[in-house]
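Engineer: 3D, please:
(chains A and B)
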Number of protein chains: 2
Amino acid sequence: MTGCPLCETAGGRVVVQAPRWRIVHAQEAGFPAFYRLVWQAHVREFSHLATAERTECMETLVAIEQAMLRHVQPDKVNLAALGNAVPHLHWHVIGRFAWDSHFPGAVWAQAQRTPDASVLQLIDDRLGLFEQELRAVLPR
Amino acid sequence: MTGCPLCETAGGRVVVQAPRWRIVHAQEAGFPAFYRLVWQAHVREFSHLATAERTECMETLVAIEQAMLRHVQPDKVNLAALGNAVPHLHWHVIGRFAWDSHFPGAVWAQAQRTPDASVLQLIDDRLGLFEQELRAVLPR
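Structural biologist: You can find the predicted model right below:
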């Protein structure tokens, strides 16, 4: 769709590209483990997907969450499909840590602290194995 | 679980109560159409549900979204499972309007305006039919 940033750009560094969706790393977001599952087609709401598409979308979300819990070891995973600014279906999958800038607030709330750079680097070092597992387990 | 607010209280006005989940209206949230799908069991992450439970949870979310789109007519629906403060699985299903206090920001971001009370009342008047449909279509 003309003018839609998720039709015209990837929306982040592409980790896995499948026919109906892609997983991107949202490096600009300011959180150590912030990924997005972007639906390829320009669909507005999750419920506008067909049943089989919803299942595929949901099971992909679950695979991302499970691999993230195993390899990145966040204190909590946040899942969210908002799309107020960009109404093209995309799910945020965000690994949250008790020490991160906004915890326990939402990533969209006000920052509460500045996390230590060395701790951020520790999480960054875990992303390689996480992304490797995503590429291995997800059908493309 | 002792000390968990979603084990010890409903978490809002109960609209539908099913064996494995409940739908509550979050009247305290300050948004005209803010609902939560709360999983009955104390489960931390969405991916900790069994496959059949995930499907039931997801299809219930979809039923809420579809009924909300039909009867409440929001500009966008927001779906989110965060749980940083209360790590007991619950999905926020929030009807968003271009005129609401935070749009297009997330409901957890800073408010941008004060909506007109008469417009809020108009949405409130639509909730009855929406909730009636939920009770009619969802298996309990």
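Engineer: Give me the next element, helix or strand, following the helix or strand hosting residue A:7.
Structural biologist: Assessed by DSSP states H and E, residue A:7 sits inside helix A:5-8. Downstream of helix A:5-8, the next assigned helix or strand under DSSP H and E is strand A:13-17.
Engineer: Is the helix holding residue A:7 in proximity to chain B?
Structural biologist: No - counting by CB under 8 Å from any CB of the partner chain, no contacts exist between helix A:5-8 and chain B, the nearest distance being 13.4 Å. Placement of C-beta: from N, CA and C, glycine included.
Engineer: can you check stretch A:10-28 too?
Structural biologist: No - applying CB under 8 Å from any CB, one finds stretch A:10-28 separated from chain B by no less than 14.7 Å.
Engineer: What sits closest to residue A:5 if chain neighbours are left out?
Structural biologist: residue A:86 (5.7 Å; CB to CB, 6 or more residues apart in numbering or on different chains).
Engineer: Over to residue A:77?
Structural biologist: residue A:65 (5.0 Å).
Engineer: Need the pLDDT of residue A:27.
Structural biologist: For residue A:27, the model assigns a pLDDT of 85.
Engineer: Okay, helices next: where are they in chain A?
Structural biologist: Counting by DSSP state H, one finds helices in chain A at the ranges A:5-8, A:51-71, A:117-137.
Engineer: In TSV, list those along with mean pLDDT and mean neighbour count.
Structural biologist: Listed next are those as TSV, based on pLDDT from 0 to 100; neighbours: other CB atoms under 10 Å in any protein chain shown:
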stretch	mean pLDDT	mean neighbour count
helix A:5-8	98	15
helix A:51-71	98	19
helix A:117-137	96	14
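Engineer: right, and those helices - which one's nearest residue B:113?
Structural biologist: Nearest to residue B:113 among the helices of chain A is helix A:5-8 (24.5 Å), distances taken as CB to CB.
Engineer: could I get the closest one in CSV with only the CA atoms?
Structural biologist: Extracted in CSV, the C-alpha atoms of helix A:5-8 (Å, rounded to 0.1, in the frame of the first residue of the first chain):
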residue,chain,number,x,y,z
PRO,A,5,6.0,2.1,6.0
LEU,A,6,5.5,-1.6,6.5
CYS,A,7,4.6,-2.1,2.9
GLU,A,8,7.4,0.1,1.6
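Engineer: What are the contacting residues of it?
Structural biologist: With CB atoms under 8 Å, 6 or more residues apart in numbering or on different chains as the test, helix A:5-8 has contacts from A:1-2, A:11, A:38, A:42, A:86, A:88, A:90.
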